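Q: Predicted model and sequence follow; I will ask about them next.
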Amino acid sequence: MGLEDLLNDAGGLGRFQIVNLLIFYLGKLFCGWSMFQMTFAGIVPDFLCEGSTGGDNLDLEALPVNSTSNLCYIPFNTSDLSLGKAECVAYNYTSPYKTVMKDFDLVCRRGWVKATLTSIQMAGLMLGCMAAGHLGDTLGRWKSNLIFVIILCLGNMAAAFSPGWEVFAVFRFVIGVGIGQ
């Protein structure tokens, strides 16, 4: 007796099994999107550096208009013919797209945050994977899967309304736990 004979004797693949599989794997669709979300939301948009022009020896008129595009500092000429740098005070984003990098000004000095957000999510994923096995044995696969899908959905909704990147990082951890199913 082979595996196919055994499955046919058990009732085969009926409507009940197909519905359960569809519902079960629908949650996996959310996992895939949540896993790749930072690939799209973490795109660094084009920006213009806005600096203070109130300095004594700054000559910003000598620079081409687009010379400060995607630069973290504004170069300027001083009276002693040396080239200096002025730090950006603000960023003017030229891209119409809304990204995490744009919302929380995660460019230049805070460019490291993007990789940190992904690492935090992976730490949550590791914890979620460890918890999923234990919960699956304790509660059963169906209930534990439902719990992780709810955690994932709530984490994604809460992350959408994060006021700062620190809070967003906490919810990326929660999303990682939810993906760990």
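A: Sure, I can see it.
Q: ranges for the helices of the chain?
A: For the chain, helices defined by DSSP state H occupy the ranges 3-9, 15-41, 100-103, 113-139, 141-160, 165-179.
Q: Let's have the ones you listed in CSV, adding mean neighbour count and distance to residue 74.
A: Using the backbone N, CA and C atoms, a C-beta is placed for each residue, glycine as well. Listed next are the helices of the chain as CSV, based on neighbours: other CB atoms under 10 Å; distance: least, CB to CB, whole Å:
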stretch, mean neighbour count, distance to residue 74
helix 3-9, 9, 69
helix 15-41, 13, 28
helix 100-103, 20, 20
helix 113-139, 16, 22
helix 141-160, 17, 33
helix 165-179, 21, 24
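Q: so which of those helices comes closest to residue 50?
A: helix 100-103 (14.5 Å; CB to CB).
Q: Packing partners of that closest one?
A: Helix 100-103 sits against helix 15-41, helix 113-139, with contacts defined as 3 or more CB pairs under 8 Å, 6 or more residues apart in numbering; DSSP states H and E.
Q: which other residues reach that helix?
A: 38, 41-45, 93, 95, 106-107, 114, 117, 165, 168 (CB atoms under 8 Å, 6 or more residues apart in numbering).
Q: now the most centrally placed residue in the chain, nearest residue through space, not along the chain?
A: Centroid check for the chain by CA atoms, centre = their mean gives residue 38 as the closest residue, at 3.0 Å. Spatial nearest neighbour of residue 38, chain neighbours left out: residue 118 (5.4 Å); criterion: CB to CB, 6 or more residues apart in numbering.
Q: wouldn't the one you found be in contact with residue 39 here?
A: No: shown here, residue 118 and residue 39 do not form a contact pair, counting by CB atoms under 8 Å, at 9.2 Å.
Q: what domains does the record give for the chain?
A: The record's domain parsing of the chain by automatic domain parsing lists 25-44+107-179, 47-94.
Q: if we can go back for a sec, looking at the helices and strands packed on helix 100-103, which has the lowest confidence?
A: The minimum mean pLDDT among those belongs to helix 15-41 (a mean of 86).
Q: Which other helices and strands does that helix contact?
A: Packed against helix 15-41 by the contact rule (3+ CB pairs under 8 Å, 6+ apart) you find helix 100-103, helix 113-139, helix 141-160, helix 165-179.
Q: Quick one: closest of those to residue 10.
A: Residue 10 lies closest to helix 141-160 among the helices and strands packed on helix 15-41, at 17.7 Å (CB to CB).
Q: Can you check what angle separates that closest one from helix 113-139?
A: Angle, helix 141-160 to helix 113-139, by axes from the mean of the first three to the mean of the last three CA atoms, to 10 degrees: 160 degrees.
Q: This completes my enquiry, with thanks.
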